[in-house]
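Participant: Pasted the sequence and its predicted model underneath.
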Amino acid sequence: MFFEAKLHYDNANQRYLVLKIEKSLHTIDKIIDNAQEEIAVVDHINTQKKLFHYVINSRQDGVIHFDQTTLRPEIGDFIKINYYSSNDKKSKKTKINILKVELTSEIKSSLLKNTTGELKLKYKDGSLTYDYDEIIDDQIDIDIRRPDFAFINDYCVPKYLLEKNNITSNTEVKVNILFNGEKWNVYKIEKI
């Protein structure tokens, strides 16, 4: 059951006062249909905290807890969210309140891109960083099977992705990259 309320904001006490309230003819489906709608990309999943993080653009992002949905997306999946916004008095930020979330085949190209090229491995030794070719050519005593990170073009590839894909030498790859609201992150590697 929904109610419609007429409110007045009391500036002196900084709160809303209810002037009139009555039963609404609106249903949850009608409210969802009239809510704001956006396409977002899932950029992080925390199974321990039972939540996932999504990004709409550089100014809007949020978290959805597993108990709010039956969705269990993967990093790089796109979701469609219906929501309403509210103001958080403490942080002075706009809060996104999710009404409905679902997977979608729609892609927001401003949040995802692919590139191909040579993946160049990097190794740390104290304060120094070495390239794969330097270690091979100069016979530096570093285990080449354990790169610390890599680059493809200007994109950094984290160590866990190199380990997951068993990459131990420079190689040609295709990578998927997503925007996390602040920077571009490689989240998937495919050997060519």
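Facilitator: Arrived safely. Numbers count the residues shown, from 1 in each chain.
Participant: got the contact list for the residue nearest to the spatial centre of the chain?
Facilitator: Centroid-nearest residue in the chain: residue 43, 2.4 Å away (criterion: CA atoms, centre = their mean). By CB atoms under 8 Å, 6 or more residues apart in numbering, the residues touching residue 43 are 53, 54, 55, 75, 178, 179, 180, 181, 185, 187. For every residue, glycine as well, the C-beta is placed using N, CA and C.
Participant: do that again at 10 Å, thanks
Facilitator: 52-55, 61, 75-77, 111, 178-181, 185, 187 (CB atoms under 10 Å, 6 or more residues apart in numbering).
Participant: Neighbouring strands of the lengthiest strand in the chain in the sheet, and parallel or not?
Facilitator: Identified as the longest strand of the chain according to DSSP state E is strand 112-125. Strand pairing for strand 112-125, using DSSP bridges, gives strand 128-131 (antiparallel), strand 149-152 (antiparallel), strand 171-179 (antiparallel).
Participant: Now do that strand, average pLDDT.
Facilitator: Strand 112-125 comes out with an average pLDDT of 96.
Participant: I'd guessed residue 84 sits against residue 34; true?
Facilitator: Yes: look at residue 84 against residue 34 with CB atoms under 10 Å: they come within range, at 9.5 Å.
Participant: Show me what the helix or strand bottoming out on mean pLDDT in the chain is packed against.
Facilitator: Every helix and strand in the chain was compared by mean pLDDT, DSSP states H and E; the lowest is helix 28-34, with a mean of 84. Packing contacts for helix 28-34, counted by 3 or more CB pairs under 10 Å, 6 or more residues apart in numbering; DSSP states H and E, involve strand 78-88, strand 93-103.
Participant: Perfect, I'm done here.
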